[in-house]
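**Student:** What shape does this take:
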Amino acid sequence: MICKHFEIKNFSKKTSLFLLYGENIGLIEDTINENLKPIFSKNVYNYDELELLKIEKNFMKKSLTNLFLKTIN
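**Tutor:** Predicted coordinates:
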């Protein structure tokens, strides 16, 4: 689902995986610091597009493993 930065508070309790993108890096960082870090303080990871392309296989494996483990617990 796609939502605006000001709507993220409504989804943060129901969702554990977010993809933030766009040209306004400051707004993305503010959204992470104000809305996501207080709830998911230990599990906030930031990746740049080029970094993701380099580690694509490991990223997918790590993401799916983390989702699977959270589902079990």
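
**Student:** Show me the residue sitting in the middle of this structure in space.
**Tutor:** Taking C-alpha atoms, centre = their mean, the centroid of the chain lies closest to Phe18, which sits 3.5 Å from it.

**Student:** Name the nearest residue to that residue, sequence neighbours excluded.
**Tutor:** Nearest non-adjacent residue to Phe18, counting by C-beta to C-beta, 6 or more residues apart in numbering: Leu36, 6.6 Å away. Where C-beta positions appear, they are placed from N, C-alpha and C, glycine not excepted.

**Student:** Might one say that the one you found is in contact with Leu19?
**Tutor:** No: Leu36 is beyond contact range of Leu19, at 11.7 Å (criterion: C-beta atoms under 8 Å).

**Student:** Between those two, tell me which one has more neighbours.
**Tutor:** Just comparing Leu36 and Leu19: by other C-beta atoms under 10 Å the higher neighbour count belongs to Leu36, 17 against 6.

**Student:** Would you agree the residue nearest to the centre of the chain is in contact with Asn35?
**Tutor:** No: contact criterion C-beta under 8 Å: Phe18 and Asn35 do not qualify, at 9.2 Å.

**Student:** list the contacts for Ile28?
**Tutor:** 5, 20-22 (C-beta atoms under 8 Å, 6 or more residues apart in numbering).

**Student:** which element is it on?
**Tutor:** helix 25-31 (DSSP states H and E).

**Student:** Beyond that helix, next helix or strand please.
**Tutor:** Following helix 25-31 toward the C-terminus (DSSP H and E): helix 49-54.

**Student:** Contacts made by that next one with the rest, please.
**Tutor:** Counting by C-beta under 8 Å, 6+ apart, Phe59 sit against helix 49-54.

**Student:** pLDDT averaged over it - what is it?
**Tutor:** Helix 49-54 comes out with an average pLDDT of 80.

**Student:** Check stretch 31-44 too.
**Tutor:** For stretch 31-44, the per-residue pLDDT averages 82.
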